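Undergrad: Take a look and give me a structure for this.
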Amino acid sequence: MRPPYSITPEILRSVASISRKLGEVHAAHLSLPSAQLRKDNRIRTIQSTLEIEGNTLGPEQVTALLEGARVAAPAKDLMEVKNAIAVYDGLHRLKARSEKDLLKAHADLMRGLVKTPGRYRSSGVGIMKGQRLAHLPPAGDRVAGLMHDLFDYVKKDDDIALIKSCVFHYELEFIHPFQDGNGRMGRLWQTVILMEHHVVFAYLPVEALVRAKQRAYYKALSDSDKSGSSTPFITFMLEQIDGALEELLASSNRLLEPNDRLLDFKAHIGDRHFSRKDYLRFFKHISMATAGRDLKLGVERKLLKRQGEKRMAVYTFKD
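TA: Numbers count the residues shown, from 1 in each chain. Next up, the predicted model:
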């Protein structure tokens, strides 16, 4: 059964804006951003999603851990970051429709931090805000069934991925299926669902915008609880996704690195022969000299095989 929500004019505007921006991302060959931008955005994602949960490490410390350096910080905070780095590095192996993958991701994300990582809670919990009960999730004996129903929605409903990812995120927070780690899991699984819609979402730091509007994030969750519908939360999250794409497009003057351009073109051309002119037709924003340097680099790195010389040269990608 589809969880309750309504399509509002605000949601339609956000979906249209996001769809338009995804088209621009594709046209600018930003579906696979540069290696440095991917690294920077991954660091922002990990640091932001954990800061929302109270982690004290800043971007510089997360970068150091990502690069294998030692960092002086509370043991729990270090463990949270190291676990998150491992999980986000393996995002491409997670299947949005797999409940088993969700449990494995929680096990990896919360290893060493909770007693039963990767297992649903079996007891009751209450979400407190100061001295006030902010949310009373369903009883522990209902969790497994509710999560099974939620994955049925992901598998069978024909909602577009943008809507489905927001609904899943909210419903997971409402069910609160784990003893701890529900917030970071909701944000993670929204990304997993979106990745199957467009590869750029693997590198889009939506969490950084959420962290910057943390009060509004929690208000959207609360408003959805009060209304019995995920509509307020869908509205909020679509605005953050739209903002993250806007930020990516604003950085589009930072060209892809040569190796990234070559891999992007390989995905387009496959095993067919091509010339420098073909390469230039695909990357309209680069010069003939840049195209020549890219192809020379590809030959030197044994990514490409060249036949002929200078303007008569044709290339094929090696397997």
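Undergrad: In terms of secondary structure, what does the helix or strand hosting residue 220 contact?
TA: According to DSSP states H and E, residue 220 maps onto helix 214-227. Secondary-structure packing of helix 214-227 (3 or more CB pairs under 8 Å, 6 or more residues apart in numbering; DSSP states H and E): strand 132-135, helix 161-175, helix 231-250. Every C-beta, even on glycine, is put in place using the N, C-alpha and C of the backbone.
Undergrad: quick one: the helices in the stretch 1-150 of the chain?
TA: For the stretch 1-150 of the chain, applying DSSP state H, counting those that start in this stretch gives helices covering 9-27, 35-52, 59-66, 75-89, 99-109, 143-156.
Undergrad: circling back to that earlier point, among the helices and strands packed on helix 214-227, which comes closest to residue 3?
TA: Using CB to CB as the measure, helix 161-175 is the one of the helices and strands packed on helix 214-227 that comes nearest residue 3, at 5.3 Å.
Undergrad: Now do the nearest residue to residue 56 once chain neighbours are set aside: how many residues are near it, please.
TA: Using CB to CB, 6 or more residues apart in numbering and skipping residues adjacent in sequence, the residue nearest residue 56 is residue 77, 5.3 Å away. Using other CB atoms under 10 Å, residue 77 has 16 other residues around it.
Undergrad: on that earlier part again, between the helices and strands packed on helix 214-227, which one is closest to residue 123.
TA: helix 161-175 (14.0 Å).
Undergrad: What mean pLDDT does the closest one get?
TA: Per-residue pLDDT over helix 161-175 has a mean of 97.
Undergrad: and it, what does it pack onto?
TA: Looks like helix 161-175 contacts helix 9-27, helix 143-156, helix 182-195, helix 214-227, helix 231-250 (3+ CB pairs under 8 Å, 6+ apart).
Undergrad: Centre of the chain to that helix, how far?
TA: 14 Å (CA atoms, centre = their mean, to the nearest Å).
Undergrad: Format the CA atom coordinates belonging to that helix as CSV.
TA: Backbone C-alpha positions of helix 161-175 (Å, rounded to 0.1, in the frame of the first residue of the first chain) are rendered in CSV as follows:
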residue,chain,number,x,y,z
ALA,A,161,12.1,8.0,-7.9
LEU,A,162,12.3,11.6,-6.7
ILE,A,163,9.0,11.2,-4.8
LYS,A,164,9.7,7.6,-3.7
SER,A,165,13.0,8.5,-2.2
CYS,A,166,11.5,11.2,-0.1
VAL,A,167,8.6,9.0,1.0
PHE,A,168,11.0,6.2,2.0
HIS,A,169,13.2,8.6,3.9
TYR,A,170,10.2,9.9,5.9
GLU,A,171,8.6,6.6,6.5
LEU,A,172,11.9,5.1,7.8
GLU,A,173,12.2,8.0,10.3
PHE,A,174,8.6,7.5,11.3
ILE,A,175,9.0,3.7,11.9
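Undergrad: quick check: angle from that helix to helix 99-109?
TA: 60 degrees (axes from the mean of the first three to the mean of the last three CA atoms, to 10 degrees).
Undergrad: ok, residues contacting helix 161-175?
TA: The set of residues external to helix 161-175 that reach it, using CB atoms under 8 Å, 6 or more residues apart in numbering, is 3, 5, 7, 11, 15, 18, 135, 137-138, 143, 146-147, 150, 153-154, 157, 159, 182-183, 185-187, 189-191, 193-194, 196-197, 221, 224-225, 230, 233-234, 237-238, 241.
Undergrad: Recalculate using a threshold of 6 Å.
TA: 3, 15, 146, 150, 186, 190, 193-194, 197, 221, 224, 230, 233-234, 237 (CB atoms under 6 Å, 6 or more residues apart in numbering).
Undergrad: Please apply the same query to stretch 285-294.
TA: 258, 261, 276, 279-280.
Undergrad: if we can go back for a sec, so of the helices and strands packed on helix 214-227, which one's packed in deepest?
TA: helix 161-175 (a mean of 23; mean count of other CB atoms under 10 Å).
Undergrad: re the thing from before, with residue 309 as the reference, name the closest of the helices of the stretch 1-150 of the chain.
TA: Of these, nearest to residue 309 by CB to CB is helix 35-52, at 30.7 Å.
Undergrad: who touches that closest one?
TA: So helix 35-52 is contacted by 59, 62-63, 80, 84, 88, 184, 187, 203, 205, 207-208, 211, 214, 257 (CB under 6 Å, 6+ apart).
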